[in-house]
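Peer 1: I would like to see how this sequence folds:
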Amino acid sequence: METLRYTLVQRLLHWIIVLLVLGLLVIGTILANVGYDKLVELVGSDITNLLYTYHKTFGVLVLALMLLRLILRQVFRPPAYQPELNRVEHAVGLLTHTLFYTALIAIPIFGWLGTAAGGFPVQFFDWTLPGLIGRNDELSGAFFQLHALISWILIGLILLHTGAALYHWRVKRDGVMQRMSLM
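Peer 2: You can find the predicted model right below:
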């Protein structure tokens with residue numbers, strides 16, 4: 001059975017984004033649940049500020065990489081499935097991928113807007129990026145709620161996607177996993 005694959009660049013981007021997103025979800029959960037003041041008590045202000053800076057930095061990086069993935073997806077169409085998926089698998093896969101792209105673009109945008117509306121710097125490593133909107137604490141809270149809600153949806157998508165990948169790899173053994181594999 002011939003395995004049709006995404007380009008190497010697409011596969012590398014996929015796995016880089018996976019690692020970044022998993023780290024962002026862990027750090028984001030800590031930041032959201034512990035809070036700034038308590039985190040400062042636990043690990044000090046330098047480490048706390050570093051966690052916030054890197055959360056923002058890697059969020060902006062995910063946004064940029066996802067926009068690149070979106071462009072590459074238009075230039076290099078996804079490879080055909082061999083063998084073809086049934087209609088339900090194909091529909092669920094298409095919906096899941098659409099939701100992934102939407103979530104992975106929306107989450108950093110809402111984080112960016114929430115940060116700017118909260119009057120905080122939007123950082124990318126040592127650079128401060130434009131805030132895009134002015135200070136508005138109520139709007140900041142709403143943007144951060146959307147940022148968190150879509151992050152929880154993303155966790156559900158990750159579990160669904162991982163389960164489907166394992167199903168195709170261990171149960172169906174149909175080569176679907178090879179499409180995005182680095183090996």
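
Peer 1: check contacts around Arg73.
Peer 2: Applying CB atoms under 8 Å, 6 or more residues apart in numbering, we find Arg73 in contact with Gln10. No exception for glycine: its C-beta is placed from N, CA and C like everyone else's.

Peer 1: Please determine how far it is located from Leu67.
Peer 2: Distance, Arg73 to Leu67, by CB to CB, to the nearest Å: 11 Å.

Peer 1: And for Leu50?
Peer 2: Using CB to CB, we find Leu50 at a distance of 26 Å from Leu67.

Peer 1: for Leu160, same thing?
Peer 2: Distance from Leu160 to Leu67, counting by CB to CB: 24 Å.

Peer 1: Tyr54 too?
Peer 2: 20 Å.

Peer 1: Same question for Gly28.
Peer 2: Gly28 sits 20 Å away from Leu67, going by CB to CB.

Peer 1: Neighbour count: these two, which is higher?
Peer 2: Between Gly28 and Leu67, Gly28 has the larger neighbour count (other CB atoms under 10 Å), namely 20 against 13.

Peer 1: In terms of helix, strand or coil, where does the more buried one fall?
Peer 2: With DSSP: H, G, I helix; E, B strand; the rest coil as the basis, Gly28 sits in helix.

Peer 1: In contact with it, which residues are there?
Peer 2: If you count contacts by CB under 8 Å, 6+ apart, Gly28 has them with 55, 148, 151.

Peer 1: Show the buried residues in those.
Peer 2: Listed as buried from the contacts of Gly28 are 55, 148, 151; burial here means 16 or more other CB atoms under 10 Å.
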